[in-house]
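Q: just the structure for this:
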Amino acid sequence: MEQDLPEKIICLELAMSKETLKKYREIAINAGDYVYQKESKRPKNAWTWYWKPAGVAWLKTELYNKDVNINNNKIDDENPNEKTGIVFKHDFPNNRLVMIKLDNNEKIVATCNDNSLFRKGMRVTIKLDRHGWYLKRNPHPKTNG
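A: Coordinates of the predicted model:
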């Protein structure tokens with residue numbers, strides 16, 4: 001006989017966040033008898049949630065169906081660490097900073113080599129790394145000769 005699994009183990013096995021599992025738990029409570037809270041001496045909001053085997057099976061089918069739909073509609077060219085936008089401000093006292101206004105009207109401060117080479121309204125691509133946003137390509141000044 002299969003045992004009921006706590007949410008911590010399900011998060012680890014399915015490699016999903018607690019917030020995502022909480023959303024599925026709220027759906028599962030309304031869908032059927034898949035989850036329950038085990039009582040303890042701790043406050044009620046700290047009680048552990050347990051998933052029944054039928055609930056785990058339901059969760060896997062929900063995740064599988066959603067993953068298939070996402071993968072079918074996903075475009076390979078899209079990179080979540082890369083965004084395009086327009087230079088909004090380039091005259092910072094620190095000459096390595098540029099403010100970019102993204103296509104969704106979000107403003108981000110990105111680093112570059114020299115902000116004097118940029119002008120307001122220039123179309124640029126920014127990329128995310130472990131230190132933050134930076135400009136993928138820096139413009140080169142024109143020289144004669």
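Q: all contacts plus neighbour counts: C-alpha atoms, from now on.
A: Will do.
Q: quick check on Gly85: phi, psi?
A: Dihedral pair for Gly85: phi -170, psi -170, per degrees, to the nearest 10.
Q: that one contacts Met99, doesn't it?
A: No. Applying Cα atoms under 8 Å as the test, Gly85 and Met99 come out as separate, 9.8 Å apart.
Q: list the buried residues of whatever helix or strand Glu26 lives in.
A: For Glu26, the host element (DSSP states H and E) is helix 18-31. Buried residues in helix 18-31, counted by 16 or more other Cα atoms under 10 Å: Leu21, Arg25, Ala28.
Q: what's the answer for stretch 40-54, then?
A: Applying 16+ other Cα under 10 Å to stretch 40-54 flags Trp49, Tyr50, Trp51, Lys52, Pro53 as buried.
Q: quick one: those as TSV, columns for distance to Leu5 too.
A: Formatted as TSV, the buried residues of stretch 40-54 follow (distance: Cα to Cα, whole Å):
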residue	distance to Leu5
Trp49	9
Tyr50	5
Trp51	5
Lys52	7
Pro53	8
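Q: out of these, which sit inside strands?
A: Secondary structure assignment by DSSP state E places Trp49, Tyr50, Trp51 of the buried residues of stretch 40-54 in strands.
Q: low-confidence ranges in the chain?
A: By pLDDT under 70, the low-scoring segments of the chain are 1, 65-79, 145.
Q: can you do 90?
A: For the chain, the stretches with pLDDT under 90 are 1-83, 92, 103-105, 113-119, 128-132, 136-145.
Q: so the residue nearest the centre of it, which state does it fall into?
A: Residue closest to the mean C-alpha point of the chain, counted by Cα atoms, centre = their mean, is Pro80 at 8.3 Å. Classification of Pro80 using DSSP: H, G, I helix; E, B strand; the rest coil returns coil.
Q: related to what we said a few turns ago, which of the buried residues of stretch 40-54 lies closest to Phe118?
A: Nearest to Phe118, judged by Cα to Cα, of the buried residues of stretch 40-54 is Trp49 at 53.9 Å.
Q: quick one, what contacts the closest one?
A: Applying Cα atoms under 8 Å, 6 or more residues apart in numbering, we find Trp49 in contact with Pro6, Glu7, Val35, Tyr36, Gln37, Lys38.
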